[in-house]
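Participant: Sequence and predicted structure below; questions after.
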Amino acid sequence: MASGTLYTYPENFRAYKALIAAQYSGAQLKIAEDFVFGETNKSEGFLKKFPLGKVPAFESKDGKYLTESNAIAYYVANEQLRGKTEAERAEVIQWLGFADSEILPASCAWVFPLLGIMPSNKQTIEHAKEDVAKVLTALNVHLLPKTYLVGERITLADISVAMTLLHLYQYVLEPKLRQPYQNVNRWFQTIVNQPEAIKIIGTFKLADKTLEYDPKKFAQSQGKSKKEKEPKEKKEAPKKEKKEEPAEELDAADAALAAEPKPKDPFDLLPKGTFNMDDFKRCYSNEDEAVSVPYFWEKFDPENYSIWFGEYKYNDELTKTFMSCNLISGMFQRLDKMRKAAFASVCLFGTDNDSSISGVWVWRGQDLAFTLSPDWQVDYDCYNWKKLDPKDPPTKELVDKYFSWTASDSQGRKFKEGKIFK
């Protein structure tokens, strides 16, 4: 198992690749605590190991030195992440190159001027926007029948491409701009919401609005850089200066986003009614269906809550059943903020290459809940939605079967596995 020290500055998306890969592989990756960008990487000792002075840089426990983020991530990864076959490994390398040559230049050209890291050039930014659209369109087509970029599990391809897209989704791809790329959105949020990714990057927030250009940011950064380069008078006592952050670090932008008021839960704007969702969830979790399902009907408030049936549109594209289950789990992860006032039982029916996904959902309000927030709209259009009448006997029968996992689908496929959103 690989182990060693990673030299990097905070919030370096390039370093995230190796750090997340290490979470999957179990590699012992320690970040150098005393590293100061602009100082440590210019020191004689550092340059002896890493002549170009670039970060991230990796020093293994047995004395190997690596630079370039993809090489480091590959070294600390395991077989699953690298690809289990020669063909898969080739595909992984292909996507690593795609991220660096197709995504990264366009992302930097569009995002960095907004962050004050580089000057703004209208023509360059417009070209970058076109390049980003081409990249996302290609990814969207590739991911239509796939859960991951390569094979049936997460690989370095997913980690590298997602981390290279991070700034686009964080700063510019507001809901309207990302709407045409639903397959990419689904996949991206699946990757960044994995426990291994969350441990490194935290809970990721999609852009609510494209960051606006502020010419003062670049002017201020240039003025600061010029001041730092001015020689000091010999008689002047040395001053303790604040450690300079690298140009790539986006602390100021992150702080600005964090300072924005948190959006209110759309459900809070709707009447609460008499149905206590938390009590029902506790009952469902702790009691058999013979108790929890009757409890649901006893307490359900049809005036302020509604029941919906969702059926996946692309069942003919489903292959392995475990991949289909991943689709359900991924959707649940991306809808985490809906849990407060929603519940669902979503089921997979059938076998490999002959399966379907459908489920029963309950939430506060009488309208389709996903339209209440842009954050909830990633997956819902992959399903056909039908509002059910709680007074209709067939509705009661359907809810009972889905809540107790005794249903079959409309084609007679038998229940395979179920997921509960609660």
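Facilitator: Cool, got the structure.
Participant: How far does stretch 133-141 sit from its chain's centre?
Facilitator: Here stretch 133-141 is found 17 Å from its chain centre; the criterion is C-alpha atoms, centre = their mean, to the nearest Å.
Participant: Okay, and Thr124 sits in which element?
Facilitator: For Thr124, the host element (DSSP states H and E) is helix 122-143.
Participant: Could you give the number of residues near Leu149?
Facilitator: Leu149 is flanked by 24 other residues according to other C-beta atoms under 10 Å. Any C-beta I mention is one placed from the backbone N, CA and C, and that applies to glycine too.
Participant: try the one 4 residues further on
Facilitator: Counted with other C-beta under 10 Å, the neighbours of Arg153 add up to 17.
Participant: Give me the distance between it and Asn183.
Facilitator: Counting by C-beta to C-beta, to the nearest Å, the gap from Arg153 to Asn183 is 18 Å.
Participant: Ala109 too?
Facilitator: Separation of Ala109 from Asn183 (C-beta to C-beta) stands at 24 Å.
Participant: and if you look at Phe332?
Facilitator: Phe332 sits 18 Å away from Asn183, going by C-beta to C-beta.
Participant: ok, now Trp385?
Facilitator: 19 Å.
Participant: These two: which has the busier surroundings?
Facilitator: Taking neighbours as other C-beta under 10 Å, Trp385 and Asn183 compare with Asn183 leading, 19 against 14.
Participant: Excluding chain neighbours, give the residue nearest to the more buried one in space.
Facilitator: Leu143 (4.0 Å; C-beta to C-beta, 6 or more residues apart in numbering).
Participant: Please work out how many residues are found near the one you found.
Facilitator: Look at Leu143: counted by other C-beta under 10 Å, it has 19 neighbours.
Participant: Run a quick neighbour tally on Thr40.
Facilitator: Counted with other C-beta under 10 Å, the neighbours of Thr40 add up to 17.
Participant: for it, what are its contacts?
Facilitator: Tyr7, Ala32, Asp34, Phe46 (C-beta atoms under 8 Å, 6 or more residues apart in numbering).
Participant: now swap in Val172 and tell me
Facilitator: Trp110, Val111, Leu114, Ala207, Thr210, Leu211.
Participant: again, 6 Å this time
Facilitator: By C-beta atoms under 6 Å, 6 or more residues apart in numbering, Val172 lies in contact with Thr210.
Participant: now it: how far from Glu11?
Facilitator: 17 Å.
Participant: Kindly report the same for Glu298.
Facilitator: From Glu298 over to Glu11 (counting by C-beta to C-beta), the distance is 50 Å.
Participant: More neighbours: which of those two?
Facilitator: Between Glu298 and Glu11, counted using other C-beta under 10 Å, Glu11 has the larger neighbour count: 18 against 8.
Participant: Tell me the confidence at the more buried one?
Facilitator: You'll see Glu11 listed with a pLDDT of 85.
Participant: Show me which positions of the helix or strand that contains Trp110 end up buried.
Facilitator: If you go by DSSP H and E, Trp110 is part of helix 104-114. Neighbour counts over helix 104-114 (16 or more other C-beta atoms under 10 Å) mark Leu104, Ala106, Ser107, Cys108, Ala109, Trp110, Val111, Phe112, Pro113, Leu114 as buried.
Participant: gap between that helix and the chain center?
Facilitator: With C-alpha atoms, centre = their mean, you get 20 Å for helix 104-114.
Participant: Equivalent analysis for stretch 68-77, please.
Facilitator: 21 Å.
Participant: Shouldn't Val362 be within a strand?
Facilitator: Yes. Using DSSP: H, G, I helix; E, B strand; the rest coil, the secondary structure at Val362 is a strand.
Participant: quick one: it and Asp379, what's the gap?
Facilitator: 18 Å.
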